[in-house]
Structure formats: C-alpha cells, structure tokens
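> got a predicted structure here, sequence first:
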Amino acid sequence: MNLESNDVSPQRRALGPLIGGLILIALGLALFFDTINLWEFEDVFRFWPLALVGLGLSKLISPQKDDDRRGGLWLVGIGAWLLVPSLRLFDLGWEDSWPLILIVIGLLIIIQSLLIDRRLGANS
C-alpha cells in the first residue's frame, strides 16, 4: 500500500519540514538571545503576525490545491494588517488601524477577482 500521494511533488513535500525547521531555529535563537540578555523574548511576540505571512507565502508559492492560493492571499493580507499595530508601524495602534482591514479586504477581493478572471480566460 503506497501512502504517498503521486500528485504532490517532492519539492512541495519538503516545504513543510523546511518551514517547521525554520520556525524552531527562530524560536531557539529568540530564547538564546533572551538568555544572554541580548534581546527580550517578549519582543518576539510583536512579530507573531509574520507566522501568518510566512504560511500565506508558502501557500502562494507552492499550493497543494487550487484554493491554497486564495487562502494564502488572505493569510498574507491579514498577517500584514496585524503587523501594523503589533509593530506600531506608522505610529498606528490597534485602536487606529482597524480601518486598514477594510482596505486589505477590498484589495484581496479585487486581486481574487482578477485571478479568477484570468484563470477563466485561460481555460476558454
């Protein structure tokens, strides 16, 4: 009985362990830097939306299914929005940045629509 799927390339199968390994390395470095008082571990929590962005980018770069690109696009958009108040970019906090989610959602809907239109045009 073959448990491996034939429709998934070896490069796609290798992406999961690669991302998992990179996350463990980043966590280990953050804890080590905290131990030697080079960096406060609490600062790492400000960057948690990057995990969403990274996951979204991996789905965009090597999707397993057709819907993965759409989900990846949404993860990148939401993660990018969450980074703004988390890192206080443009001096915006949680209370100031909520209108940006409306902009992000609007952009994602437009991009999604354009991608679907392009795919339908290619299938014709």
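That came in fine, so what should we check first? Numbering: from 1, shown residues only.
> contacting residues for I101?
Counting by C-beta atoms under 8 Å, 6 or more residues apart in numbering, I101 touches I78, W81. For glycine as for every other residue, the C-beta is placed from the backbone atoms N, C-alpha and C.
> next SSE after the strand or helix carrying G56?
Secondary-structure assignment from DSSP states H and E places G56 in helix 49-61. Downstream of helix 49-61, the next assigned helix or strand under DSSP H and E is helix 66-86.
> for that next one, the averaged confidence score.
In this model, helix 66-86 has a mean pLDDT of 87.
> what's around I110, how many residues?
I110: 10 surrounding residues under other C-beta atoms under 10 Å.
> same check on F41?
The local packing of F41 (other C-beta under 10 Å) involves 13 other residues.
> ditto for R69
For R69, using other C-beta under 10 Å, the count is 17.
> from L89, how far off is the spatially closest residue to it that is not a sequence neighbour?
Spatial nearest neighbour of R69, chain neighbours left out: P63 (4.9 Å); criterion: C-beta to C-beta, 6 or more residues apart in numbering. As defined by C-beta to C-beta, to the nearest Å, P63 lies at a distance of 29 Å from L89.
> now do the helix-or-strand element of the chain with minimal mean pLDDT: which elements does it pack against?
Least confident element among the helices and strands of the chain, by mean pLDDT, DSSP states H and E: helix 10-35 (a mean of 78). If contacts are counted by 3 or more C-beta pairs under 8 Å, 6 or more residues apart in numbering; DSSP states H and E, helix 10-35 sits against helix 49-61.
> next one, pLDDT for the residue minimising distance to the centre of the chain please.
Closest to where the C-alpha atoms of the chain average out (C-alpha atoms, centre = their mean) is V53, at 2.1 Å. Note on V53: pLDDT of 91.
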